[in-house]
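Asks: only geometry, no sequence info:
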Ligand SMILES: Nc1ncnc2c1ncn2[C@@H]1O[C@H](COP(=O)(O)OP(=O)(O)OP(=O)(O)O)[C@@H](O)[C@H]1O
């Protein structure tokens, strides 16, 4: 693959909270059309890395390039444009309880576009079809199961057809069957829509199911970056230990 296929590049990223440095010279890259899983034990820095990719933090040192641009250097307009190209599912990214699933998912296009309401509704129904939730459009979040809520959150994240999807532990709290179904949907998004996916996960079972690439963080450092097979066959003691513990699989 050529360098042009690199959609995100993180170079020498440090991060601290107060006196405590939690990321140390983190570097890795994400290629277009691939599913990259960021794995690592609790507190290894996965969510902090994701927040830097979303430019929610300013790095004291290091650079995040997305679509070839340093995200710390882009204008406010470019930033808004970039946000519209990134779908995000947060770990506890629940839907708003006072709104139906349809209303929740319609929020983003209502806020950021001047599309007519009928078109937005059509878009929402299409996305709900994609995540097998067509019948849930007029239900309230409290009427959905855990797996359905995650799929609704996925539909909301992809409503604007973003080329890039970030997911922070989308499978947390799901039973193995619902987790496999969610992984299957994410794989479909890659295969049918060509989406690039960056996912933080604790689920070792997801690695064999969907990962093209794995980035392993340990105590704020990238100890491994490579393909799924390279990860599975790695002799790196910390990675073997991580797999042996089975983290949630
Ligand atoms: N807002 C914050 N203030 C202070 N320390 C923080 C903050 N956010 C994270 N940390 C610390 O930074 C380190 C990395 O946290 P982070 O949440 O990125 O890890 P993680 O790998 O995502 O963990 P988990 O899998 O448990 O979600 C941890 O030691 C955490 O305690």
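Replies: Received, thanks. Just so you know, these numbers come straight off a predicted model, no measurement behind them.
Asks: give the contact list for the nearest residue to residue 149 once chain neighbours are set aside.
Replies: Among residues not flanking residue 149 along the chain, residue 141 sits closest, at 6.3 Å (Cβ to Cβ, 6 or more residues apart in numbering). Quick note: C-beta positions are derived from backbone N, CA and C, even for glycine. Residue 141 is in contact with 94, 95, 96, 97, 99, 101, 104, 149, 152, counting by Cβ atoms under 8 Å, 6 or more residues apart in numbering.
Asks: try it again at 7 Å.
Replies: By Cβ atoms under 7 Å, 6 or more residues apart in numbering, residue 141 lies in contact with 94, 95, 97, 149.
Asks: and the last one, what pLDDT?
Replies: Per-residue confidence for residue 149 comes out at a pLDDT of 91.
Asks: is it true that it lies in a helix?
Replies: Yes: counting by DSSP: H, G, I helix; E, B strand; the rest coil, residue 149 is part of a helix.
Asks: okay, it and the ligand: tell me how far apart.
Replies: Distance of residue 149 to the ligand, given as Cβ to the nearest ligand atom, to the nearest Å: 19 Å.
Asks: and for the third one?
Replies: Plainly put, residue 97 is 24 Å away from the ligand if you go by Cβ to the nearest ligand atom.
Asks: same check on residue 222?
Replies: Applying Cβ to the nearest ligand atom to residue 222 and the ligand gives a distance of 12 Å.
Asks: verify the stated contact: that residue with residue 28.
Replies: Yes: Residue 222 is in contact with residue 28 according to Cβ atoms under 7 Å; the separation is 5.5 Å.
Asks: can you work out which residues contact both of the two?
Replies: With contacts defined as Cβ under 7 Å, 6+ apart, the residues shared by residue 222 and residue 28 are residue 215.
Asks: check whether stretch 240-249 comes near the ligand.
Replies: No: judged by Cβ under 6 Å from any ligand atom, stretch 240-249 and the ligand are separated, with a smallest distance of 9.2 Å.
Asks: what does the lowest-mean-pLDDT helix or strand in the chain rub up against?
Replies: Using mean pLDDT, DSSP states H and E, the weakest-scoring helix or strand in the chain turns out to be helix 76-84, at a mean of 89. Residues from elsewhere that reach helix 76-84 (Cβ under 7 Å, 6+ apart): 66, 71, 74, 112, 160.
Asks: just those now: which is nearest residue 17?
Replies: Ranked by distance to residue 17 (Cβ to Cβ), the contacts of helix 76-84 are led by residue 71 at 20.4 Å.
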